[in-house]
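1. Okay, predicted coordinates and the sequence, questions at the end:
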Amino acid sequence: MPVHNRHGDRVDPVPFLVTAGIAFTFALSFGPIYGLSYGFTLPASLALSTLAFAVAAAIAYHQLVRRAPALDAGPLPPAPRIERLFYAAAAVGVLLVALTLPLL
């Protein structure tokens, strides 16, 4: 099934699928454990983790599919792309450190 951006151009869905897969892994690996430790029931923890995954997937779809540049926009300059990649890597690093901290 082809995926289209807001301009009607076809978009490669692989970056979105990878991002959604990573969001699924983080949300449903760590979410229930943290929910249980904060006193939520297992169904509530799973529901909140699933909601967090759905929100992350919706944001990824909006950023990586709907807001993809038009085909006639030409190549993107490398500086903003590298800057976005750096910020994404820093965010994942902060998330990993935050998830490894012991729960208080």
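-> Everything's here; your move.

2. make it CA atoms for all contacts and neighbour counts henceforth
-> Noted.

3. mind checking pLDDT for residue 102?
-> Looking at residue 102, its pLDDT reads 67.

4. Other residues contacting whichever strand or helix holds residue 94?
-> Residue 94 is part of helix 78-100 when elements are defined by DSSP states H and E. With contact meaning C-alpha atoms under 8 Å, 6 or more residues apart in numbering, helix 78-100 is reached by residue 30.

5. Which parts of it count as buried, going by neighbours?
-> When burial is assessed from 16 or more other C-alpha atoms under 10 Å, helix 78-100 yields no buried residues.

6. Kindly format the C-alpha coordinates of that helix as PDB.
-> Extracted as PDB, the C-alpha positions of helix 78-100 are listed here (Å, rounded to 0.1, in the frame of the first residue of the first chain):
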ATOM      1  CA  PRO A  78      22.800  18.300   5.100                       C
ATOM      2  CA  ALA A  79      23.200  20.700   8.000                       C
ATOM      3  CA  PRO A  80      19.600  20.600   9.300                       C
ATOM      4  CA  ARG A  81      19.500  16.800   8.700                       C
ATOM      5  CA  ILE A  82      22.600  16.200  10.700                       C
ATOM      6  CA  GLU A  83      21.300  18.500  13.500                       C
ATOM      7  CA  ARG A  84      18.000  16.700  13.700                       C
ATOM      8  CA  LEU A  85      19.900  13.400  13.800                       C
ATOM      9  CA  PHE A  86      22.100  14.700  16.600                       C
ATOM     10  CA  TYR A  87      19.000  15.800  18.600                       C
ATOM     11  CA  ALA A  88      17.200  12.500  18.100                       C
ATOM     12  CA  ALA A  89      20.300  10.600  19.300                       C
ATOM     13  CA  ALA A  90      20.600  12.800  22.300                       C
ATOM     14  CA  ALA A  91      16.900  12.300  23.100                       C
ATOM     15  CA  VAL A  92      17.200   8.500  22.900                       C
ATOM     16  CA  GLY A  93      20.300   8.600  25.100                       C
ATOM     17  CA  VAL A  94      18.500  10.700  27.700                       C
ATOM     18  CA  LEU A  95      15.500   8.300  27.500                       C
ATOM     19  CA  LEU A  96      17.800   5.300  28.100                       C
ATOM     20  CA  VAL A  97      19.500   6.900  31.000                       C
ATOM     21  CA  ALA A  98      16.200   7.900  32.500                       C
ATOM     22  CA  LEU A  99      14.800   4.400  32.200                       C
ATOM     23  CA  THR A 100      17.800   2.800  33.900                       C
END
